[in-house]
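In: build me a model from this:
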Amino acid sequence: MKSLKKQRRIQVIALAFVALAASTALIGYAMRDGINFFRSPSQVVEQPPVPTEVFRIGGLVSEGSIVRGQGETVRFSVTDGGATVPVTYRGVLPDLFEENQGMVGTGRYINGVFEASEILAKHDETYMPKEVVDALKAQGVYQEPDT
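Out: The predicted structure follows:
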């Protein structure tokens, strides 16, 4: 009798371990495409990522760099004060997107150009994403907004 209870307990523990391992593997598999790392333009220039890697880049839109192409294609540059990366985006830009303002884009770095699939802009006069502020502070070009 005792050995049957002990054996049943070991089976339950082993089954629970297998279920936990399987669920952890499934969660990791599901999240593999949902995790995007942030990089500043300086980091992208220093160590260019592979063309298949999707990541986020952020900084200030360089003054005089916005060029609207045919259709919905827009070209501009993003900078953190230390480096500048050219960006192309096909789609409609957010209403608050403009030069010398903070932005974050998601996409791939292919042949020296960041091809964005999504562009996010500031939502009010003083907002700038934390990652962009940190990158600008690291370059020594961040200025506190006037309140």
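
In: so who does the spatially most central residue of the chain touch?
Out: Nearest to the mean C-alpha position of the chain, by CA atoms, centre = their mean, lies residue 56 at 2.4 Å. Residues near residue 56 by CB atoms under 8 Å, 6 or more residues apart in numbering: 36-39, 104-106, 131. Placement of C-beta: from N, CA and C, glycine included.

In: can you count the residues close to the closest residue to residue 62 other than its chain neighbours?
Out: Leaving out its chain neighbours, the residue that sits closest to residue 62 by CB to CB, 6 or more residues apart in numbering is residue 77, at 4.0 Å. By other CB atoms under 10 Å, 20 other residues sit near residue 77.

In: surely the residue nearest to the centre of the chain is within a strand?
Out: Yes - applying DSSP: H, G, I helix; E, B strand; the rest coil, one finds residue 56 inside a strand.

In: so what sits opposite it in the bridge?
Out: Note on residue 56: beta-bridge partners by DSSP bridges are residue 38, residue 106.

In: quick one: it from residue 39, how far?
Out: 7 Å (CB to CB, to the nearest Å).

In: try residue 22
Out: For residue 22, the distance to residue 39 - CB to CB - is 33 Å.

In: for the longest helix seen in the chain, buried residues please.
Out: Identified as the longest helix of the chain according to DSSP state H is helix 2-31. Within helix 2-31, no residue is scored as buried using 16 or more other CB atoms under 10 Å.

In: thanks a lot, see you next time.
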